[in-house]
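Visitor: sharing a sequence plus its predicted fold:
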Amino acid sequence: MNAFESIKHFYRPLQPSVATDGKQVIYQEVLPEASLQYFVYCFWQLKTSKKLDAPFVYRVVSDGCIDIFFNQNVTSESFVMGFCRKYAEFPIGNEFNYIGIRFLPSVFPLVFNIDAKALSNQDQKLRGILPDIARSITEKIHPNQEFTTVVKQLHQIVAPFILNINFDFDNRFYKALHLIFKTSGNIETENGLDTGLSPRQLRRLFNYYIGTTPKAFGKVVRFQHFLNMKPSTQSLKSQKLFYDVGFYDQAHFIKDFKTFYGVTPSRALK
């Protein structure tokens, strides 16, 4: 299993916070074609089916990924969102059709030679980071296109960057990444990542390729692992699932969960 297959195999970044009724606000994800499956997690869409009575606030939970996104109604404005150490909220109005590309961890900096740390905890205009891709989005994607058509266009836009690159990366970094994914983030990152790199060297590589330290990234992986367990409020209370993901007490678990999700576990799981 190579470095990228390992990420795809062990990691499934979820964005579960969009409370939709399937009628007024719709969220969907489409997997990429096979050629991009180890680099792009999904293409996603968040849209209104009709104008809302009140402005919508989109909450993004921490998932360890970097996204390119834009409003299909205004494709001249596209953005890139870096790694987030905590949840983020975006007021996006009463009517919208946002579409995005979610890159798996480490892929965006490796493909585009962009320091992930410079993107962390913020969204920036794509034209200042990747002007060619921003221009292609403006030229090739139009408001009246179906989502499936937009996905094909986005695939054609990003595929040449990914498939034509000669990947040059430090295997020791990907060994550390593999260990974090394999243990679902439940690993002592200062001494448990035996890769031949010093903690300082490893922090430098993680800052560049992920946008944060191994410790902070491990916490996000652990949080995402919990989401993938698909717990219910009842199972959370009766089975004490926080023990299974490496927490020694409920208070620390709730604190971390609220940092990454924005609300307490009991409220999120309703």
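Guide: That came through fine. Numbers count the residues shown, from 1 in each chain.

Visitor: give me the nearest residue to Tyr58, chain neighbours excluded.
Guide: For Tyr58, ignoring the flanking residues on the chain, the nearest one in space by C-beta to C-beta, 6 or more residues apart in numbering is Phe90 at 4.7 Å. Yep, even glycine has a C-beta here, placed from its N, CA and C like the rest.

Visitor: what's the pLDDT at the one you found?
Guide: pLDDT for Phe90: 90.

Visitor: where does it fall, secondary structure wise?
Guide: Secondary structure assignment for Phe90, by DSSP states H and E: strand 88-91.

Visitor: which other residues reach the following helix or strand past that strand?
Guide: Sequence order places strand 97-103 as the next helix or strand after strand 88-91, per DSSP H and E. Residues from elsewhere that reach strand 97-103 (C-beta atoms under 8 Å, 6 or more residues apart in numbering): 13, 29, 39-48, 58, 63, 65-73, 92, 111, 141, 143, 147, 150, 154, 158.

Visitor: direction included, what does strand 97-103 pair against?
Guide: Strand 97-103 has the following strand partners under DSSP bridges: strand 40-48 (antiparallel), strand 66-71 (antiparallel).

Visitor: following element in sequence after the first one, please.
Guide: Read it as strand 40-48. strand 57-60.

Visitor: after the helix or strand bottoming out on mean pLDDT in the chain comes which helix or strand?
Guide: Least confident helix or strand, the chain: helix 233-239 with a mean of 68, by mean pLDDT, DSSP states H and E. Using DSSP H and E, the helix or strand that directly follows helix 233-239 along the chain is helix 250-261.

Visitor: so which elements touch that next one?
Guide: Under the contact definition 3 or more C-beta pairs under 8 Å, 6 or more residues apart in numbering; DSSP states H and E, helix 250-261 sits against helix 214-228, helix 265-268.

Visitor: so where's the stretch 151-270 of the chain uncertain?
Guide: Low-confidence segments of the stretch 151-270 of the chain (pLDDT under 70): 236-239.

Visitor: all the helices of the stretch 101-250 of the chain, residue numbers only.
Guide: With DSSP state H, counting those that start in this stretch as the criterion, the stretch 101-250 of the chain has helices at 107-112, 131-140, 147-163, 171-182, 199-209, 214-228, 233-239, 250-261.

Visitor: what inclination does the fifth one have with respect to helix 214-228?
Guide: I take that to be helix 199-209. 60 degrees (axes from the mean of the first three to the mean of the last three C-alpha atoms, to 10 degrees).
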